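In: Just a sequence and a predicted model for now, questions to come.
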Amino acid sequence: MSSKLPARFYYDIISPFAYLYIKQRRRLEEKLEITPVPILLGGLFRATENKGPGEVAAKRPHTYQFCVWQAEKLGIPFRFPEHHPFMTVAPQRLLVQEKADWVMVEKAFDYVWLEGKDPNLSWPDFCAYLGLSRDTPKPDDAAVKSQLIANTEQAKADGAFGVPALIVNQRCFWGVDTMDWVLDYLSRPGMFDEAPYARAGNLPNGLAP
C-alpha cells in the first residue's frame, strides 16, 4: 500500500504552463500519488467567469513571451503550436476515452508544446504520436462527452479556476509556480490554520457592494 498522499492534477493540453508543470512533476512524486484528470479549460473558465490570457489582447504577447523565457530558464524544450489558443475538445475527449496515463498525457502535451502542432490540423499524426491507430476517429461517444463535462465540473467543485491545478487534501494549488508551495505545505500540513493564512483566506472584499 502506497504511503503517498493522493492528488488530482487537472489539465488541458491548451496550457503551456500545464506543459511546464508536468515536465517538473517528479519533484512532487516522492510524496504524492498524482492522478492526471483531463478537463475542458474553456468550460472551467465559463463556469468560474474567468478568461485565459490568450483571450486578453494586452496579456497575450506578455504571457507567451514569458512562457518562452520560463521554459528557457528551466531548460525545457518548448515551441508554440501553429496558432494559439485552439479548440481542445476532441483531444481532451480522446484522453478521457483512452483513460490516459502519465505516459500518454505527456505525449499529448509534447505534440503541442514540443512538436508545435495543433492536433485538430493533423489528427491521424496526433493519434499515432500517442501510440494509437492513425484511423482513430474523434470521440463522439456520449459517455466520453459526459465524463469530460463531469471532470470539468469536479475541477470547479475542488476550487480550480484554471490549469494547471493540483488538488491535495482538498486544497487547490494553481499554477506552475506553486510547486514549491505544495512541497512546503506537505512538510507543514497545518499551514492554512496559521493566523496569517487564515486571515488572508477570509479577507473582506473592499469593493463588494
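Out: That came in fine, so what should we check first? Residues are numbered from 1 along each chain as shown.
In: quick one: contacts for T63?
Out: P53, G54 (Cβ atoms under 8 Å, 6 or more residues apart in numbering). For every residue, glycine as well, the C-beta is placed using N, CA and C.
In: That one is in what secondary structure piece?
Out: Using DSSP states H and E, T63 falls within helix 60-74.
In: Tell me the helices and strands packed up against the following helix or strand past that helix.
Out: The C-terminal neighbour of helix 60-74 among helices and strands, as given by DSSP H and E, is helix 89-97. Other helices and strands packing on helix 89-97, by 3 or more Cβ pairs under 8 Å, 6 or more residues apart in numbering; DSSP states H and E, are strand 32-38, helix 102-113, helix 123-129, helix 142-157.
In: Neighbouring strands - and their directions - for the first one?
Out: In the sheet, strand 32-38 lines up against strand 5-11 (parallel) (DSSP bridges).
In: now for the helices and strands packed on helix 89-97, which one comes closest to K51?
Out: Set against K51 and scored by Cβ to Cβ, these come closest in helix 142-157, at 15.3 Å.
In: which residue is nearest the middle of the chain?
Out: Nearest residue to the geometric centre of the chain (Cα atoms, centre = their mean): Y11, 2.5 Å.
In: wait, that residue sits on T35?
Out: No - Y11 lies out of contact with T35 (Cβ atoms under 8 Å); the separation is 10.8 Å.
In: just to revisit the earlier point, output the helices and strands packed on helix 89-97 in TSV, with mean pLDDT, distance to D193 and mean neighbour count appended to each entry.
Out: Below are the helices and strands packed on helix 89-97 laid out as TSV (pLDDT from 0 to 100; distance: least, Cβ to Cβ, whole Å; neighbours: other Cβ atoms under 10 Å):
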stretch	mean pLDDT	distance to D193	mean neighbour count
strand 32-38	98	21	19
helix 102-113	98	32	20
helix 123-129	98	45	18
helix 142-157	98	22	16
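In: among those, which is nearest Y19?
Out: Nearest to Y19 among these is helix 102-113 (4.1 Å), distances taken as Cβ to Cβ.
In: follow-up on the earlier one: tell me which residues in the helix holding T63 are buried?
Out: With burial defined by 16 or more other Cβ atoms under 10 Å, the residues of helix 60-74 counted as buried are C67, Q70, A71.
In: Now do it against helix 102-113: the angle between them, please.
Out: Here helix 60-74 runs at an angle of 130 degrees relative to helix 102-113 (axes from the mean of the first three to the mean of the last three Cα atoms, to 10 degrees).
In: if we can go back for a sec, I'd like the helices and strands packed on helix 89-97 laid out as a markdown table, including distance to L5.
Out: Output for the helices and strands packed on helix 89-97, formatted as a markdown table (distance: least, Cβ to Cβ, whole Å):
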| stretch | distance to L5 |
| --- | --- |
| strand 32-38 | 5 |
| helix 102-113 | 17 |
| helix 123-129 | 32 |
| helix 142-157 | 18 |
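In: Tell me which of these sits nearest to F192.
Out: Comparing the helices and strands packed on helix 89-97 under Cβ to Cβ, the one sitting nearest is strand 32-38, at 17.1 Å.
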